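Visitor: Here is a sequence with its predicted model. Questions after.
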Amino acid sequence: MATPSISIPKKHVSTRWIGKLIRQLLFYVLLLVIWQLLASAHIWKDYLFAGPLTVLESTKALYQDGSLVTAILVSVRRLALGYGISLILGLILGLAIGSNHYIEETLGSLVVALQALPSVCWIPLAMLWFGLSEQAMLFVVVMARSSQLPWV
């Protein structure tokens, strides 16, 4: 005996989808309004808590002078380089840990312990070891990406 299929009218689906979209938009508009009201109250210094209008003006100024695109490209380069390094290190460590029982017992436990650390923990160490440099930023990216690779 065939089970009858239940069909939902397309009008109902699109109405529900539009309602959901409107609720989400209103939620984010409300968040922006609250953010701007908090910034306008000057509870914190402007450089500590800028409002969305200030952020928008700054972003526009950075775009107009060309530094926004440069900053985005530098960040993407750091991310790609850091991910590539962590991928290579992760593969090497993963293969070594997976193929040798002694390495798994020793180095494997260290890797598992390091994976439990949040990425932000590496920032102070990177600053101590490398100073405020490109190497420090790359180190943080490598450590953050390495801890998220599934085979390590």
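Guide: Done, it's in.

Visitor: Break the protein into its domains for me.
Guide: Per automatic domain parsing, the structural domains of the chain span 12-65, 67-152.

Visitor: And these, which one averages the lowest pLDDT?
Guide: The minimum mean pLDDT among the domains of the chain belongs to domain 67-152 (a mean of 86).

Visitor: name the helices or strands packed onto the longest helix along the chain?
Guide: Using DSSP state H to assign secondary structure, the helix with the most residues in the chain is helix 67-99. In terms of contacts (3 or more CB pairs under 8 Å, 6 or more residues apart in numbering; DSSP states H and E), helix 67-99 is packed against helix 52-64, helix 101-115, helix 134-146. Backbone N, C-alpha and C define where each C-beta goes, glycine included.

Visitor: Next, format the ones you listed as CSV and append distance to Leu25.
Guide: Output for the helices and strands packed on helix 67-99, formatted as CSV (distance: least, CB to CB, whole Å):
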stretch, distance to Leu25
helix 52-64, 15
helix 101-115, 38
helix 134-146, 32
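
Visitor: Which of those sits closest to Arg78?
Guide: helix 134-146 (5.8 Å; CB to CB).

Visitor: Pull the distance from the closest one to the chain's centre.
Guide: Distance, stretch centre to chain centre, for helix 134-146: 13 Å (CA atoms, centre = their mean, to the nearest Å).

Visitor: Distance of Leu87 relative to Leu21?
Guide: Applying CB to CB, to the nearest Å, the value for Leu87 to Leu21 is 37 Å.

Visitor: Stretch 38-55: which residues count as buried?
Guide: Ala39, Ala50, Gly51 (16 or more other CB atoms under 10 Å).

Visitor: and among the helices and strands packed on helix 67-99, the most buried is which?
Guide: Most buried of these, by mean neighbour count (mean count of other CB atoms under 10 Å): helix 134-146, with a mean of 19.
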